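Participant: What follows is a protein structure lacking sequence information:
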């Protein structure tokens with residue numbers, strides 16, 4: 001069967017699955033447990049495999065209400081998580097986990113119209129629970145991402161739930177359609193809807209580094225970069241990665257640090273040099289509170305119960 005712009009070329013490696021088409025090349029890793037490489041027009045967008053994220057850096061109000069003590073186990077879960085299962089489905093037919101030596105049966109390249117890769121992760125919380133991340137690649141290279149968290153009785157409230165992407169270099173800017181400024185579930189009333197361009201991804205200059213940069217109710221997002229870790233790459237042309245809502249708007253943050261890096265710094269000069277882009281796409285976000293002098297708990301309506309299931313989806317274009 002010939003390869004056309006409507007057909008995906010699938011390569012079954014010993015420890016990876018390659019999905020290739022016109023203008024895109026994706027590598028899904030069995031060993032690393034995630035989407036290992038996302039290349040658009042020869043430009044790499046991933047530094048590490050995307051993984052579920054459960055933690056946002058604590059705020060003054062979180063510390064005052066001792067939320068970090070009550071829910072601190074989610075910081076450990078955010079840093080360490082195990083991929084328990086992988087399944088590959090091509091054109092509706094399950095291939096299981098086709099790593100070596102089972103992958104030898106495929107011979108050379110295989111062609112498909114749709115490829116689905118499912119990853120199941122298990123948290124290190126007590127009790128443990130699972131997160132399923134499903135990547136569905138269509139014949140034009142769009143990746144529909146479905147993320148599902150399984151609630152478990154006895155787990156403390158979640159700070160956030162989402163998927164974290166780490167990019168190789170700093171973003172130049174990002175543009176999005178959604179609500180203006182920093183917004184949180186309990187801090188949206190003063191925001192305006194529109195299209196906004198942010199050309200400074202640094203942290204908000206609070207006295208102590210803490211949670212910042214959240215954008216709620218997003219329709220679409222475009223991250224722009226021009227730098228690369230590939231020394232063979234010539235030119236400095238801008239490259240854009242676009243994320244779109246699937247069923248409903250999503251929340252996101254685009255910062256140069258992970259939540260744990262921010263958490264570890266008591267002053268801005270203690271942060272490491274800004275060299276990566278940390279893009280988190282969220283399906284659930286806890287409020288920030290601030291009812292009194294930064295000590296009262298967030299109102300009940302803005303909590304995230306870890307005992308309930310959470311599902312959300314988005315599309316990488």
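Facilitator: Arrived safely, thanks for sending. Treat the numbers as computed from the prediction; the structure is a model and nothing was measured.

Participant: Which residue ranges of the chain form helices?
Facilitator: 60-64, 67-70, 73-79, 259-263 (DSSP state H).

Participant: can you list contacts of the last one?
Facilitator: By C-beta atoms under 8 Å, 6 or more residues apart in numbering, the surrounding residues in contact with helix 259-263 are 53, 55-58, 75, 78-79, 203, 209-211, 255, 271-272. Glycine gets a C-beta too; all of them are placed from N, C-alpha and C.

Participant: Can I get the buried part of those residues as one PyMOL selection?
Facilitator: Buried residues among the contacts of helix 259-263 (16 or more other C-beta atoms under 10 Å), as a PyMOL selection:
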select buried, resi 53+55+56+57+58+75+78+203+209+210+211+255+271
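
Participant: Select, from the contacts of helix 259-263, the two members most distant in space.
Facilitator: Across the contacts of helix 259-263, no pair lies farther apart than 79 and 203, at 19.4 Å, counting by C-beta to C-beta.

Participant: buried sites along stretch 63-80?
Facilitator: Buried-residue list, stretch 63-80, by 16+ other C-beta under 10 Å: 64-65, 67-68, 71, 73-75, 77-78.

Participant: Give me the pLDDT value at residue 289.
Facilitator: For residue 289, the model assigns a pLDDT of 87.

Participant: what residues are up against it?
Facilitator: Residue 289 neighbours (C-beta under 8 Å, 6+ apart): 59, 61-62, 65, 186, 296-299, 302.

Participant: for residue 211, same thing?
Facilitator: Per C-beta under 8 Å, 6+ apart, neighbours of residue 211: 56-59, 62, 259, 262, 288.

Participant: repeat that with 10 Å
Facilitator: The contact partners of residue 211, taken as C-beta atoms under 10 Å, 6 or more residues apart in numbering, are 55-62, 159-160, 182, 184, 203-204, 253, 255, 259, 262-263, 285-286, 288.

Participant: Write the PyMOL selection for whichever of those are buried.
Facilitator: Remark: buried members of those, expressed as a PyMOL selection using 16+ other C-beta under 10 Å:
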select buried, resi 55+56+57+58+59+60+61+62+159+160+182+184+203+253+255+259+262+263+285+286+288
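
Participant: Check the model's average confidence along stretch 59-70 for me.
Facilitator: 92.

Participant: residues making contact with that stretch?
Facilitator: 55-58, 71-72, 74-75, 156-157, 159, 184, 206-208, 210-212, 263, 286-298, 303.

Participant: 8 Å instead?
Facilitator: 58, 75, 156-157, 159, 208, 210-211, 288-290, 293-298.

Participant: got any ranges where this structure has weak pLDDT?
Facilitator: 1-6, 233-236, 293 (pLDDT under 70).

Participant: Kindly recompute the last result at 90.
Facilitator: Applying pLDDT under 90 to the chain flags residues 1-7, 60, 64, 99-109, 190, 229-237, 289-297.

Participant: gap between the nearest residue in space to residue 94 that is not next to it in sequence and residue 148?
Facilitator: Leaving aside its chain neighbours, residue 94 sits nearest to residue 87 (6.3 Å; criterion: C-beta to C-beta, 6 or more residues apart in numbering). Separation of residue 87 from residue 148 (C-beta to C-beta, to the nearest Å): 14 Å.

Participant: cool, residue 72 as well?
Facilitator: Applying C-beta to C-beta to residue 72 and residue 148 gives a distance of 24 Å.
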